[in-house]
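Student: Have a look at this fold, sequence not included:
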């Protein structure tokens, strides 16, 4: 924007002072109106024990792994057929991400294969004292 005739350009000290004043005014405005904390809906939790009905595949895929405390995640590789069991997955870095996004990014560290069959299990067959409950997330 051109300056009107007769008006001198601002010095660097004047520009810095104007910038400091704008930053200070913005900070004071932010302090005056405290922001409300984000409201998160409570996440449903399915314990591994009990007779409660399990969620459908679509419902389980939309939830994070933290909605299934104490469950095991069993993953079978599509390339080599190796099956891995992840214990305590709720404390992993991907614990708050919906399962559908986590499964899209998963790869087997040994061969690079994608998961062909993924299940949530409430226990390990032959070891658990309760009947094992399953939610098949991927595969048949």
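Tutor: Here it is on my side, so go on. A quick note: this is a predicted structure, and the numbers were derived from the prediction, not measured.

Student: Can you name every helix or strand that the helix-or-strand element of the chain with minimal mean pLDDT contacts?
Tutor: Least confident helix or strand, the chain: strand 83-86 with a mean of 81, by mean pLDDT, DSSP states H and E. Packing contacts for strand 83-86, counted by 3 or more Cβ pairs under 8 Å, 6 or more residues apart in numbering; DSSP states H and E, involve strand 72-77. All C-beta atoms are positioned from the backbone trio N, CA, C, and that covers glycine.

Student: Spatially nearest residue to the most centrally placed residue in the chain (excluding sequence neighbours)?
Tutor: With distances taken as Cα atoms, centre = their mean, residue 97 lies nearest the centre of the chain, 2.0 Å away. Nearest residue to residue 97 in three dimensions, chain neighbours excluded: residue 64, at 6.0 Å (Cβ to Cβ, 6 or more residues apart in numbering).

Student: Double-check that neighbour against residue 98; I have them as touching.
Tutor: Yes: using Cβ atoms under 8 Å, residue 64 is in contact with residue 98, at 5.8 Å.

Student: buried sites along the next helix or strand after the least confident helix or strand of the chain?
Tutor: Using DSSP states H and E, the helix or strand that follows strand 83-86 in sequence is helix 99-105. For helix 99-105, the buried set under the neighbour-count rule, 16 or more other Cβ atoms under 10 Å, comprises 99, 102-103.

Student: One more: stretch 77-84?
Tutor: By 16+ other Cβ under 10 Å, the buried positions in stretch 77-84 come out as residue 77.

Student: Likewise for stretch 121-130?
Tutor: 121-123.

Student: Return the closest of the residues you listed with respect to residue 50.
Tutor: Set against residue 50, the nearest of those by Cβ to Cβ is residue 122 (9.3 Å).

Student: Show the contacting residues for that closest one.
Tutor: 48-49, 70-72, 128, 130, 132-134 (Cβ atoms under 8 Å, 6 or more residues apart in numbering).

Student: how many neighbours does the spatially closest residue to it that is not a sequence neighbour have?
Tutor: In space, and not counting its chain neighbours, residue 122 is closest to residue 48: 3.6 Å by Cβ to Cβ, 6+ apart. Residue 48 sits with 17 neighbouring residues when counted by other Cβ atoms under 10 Å.
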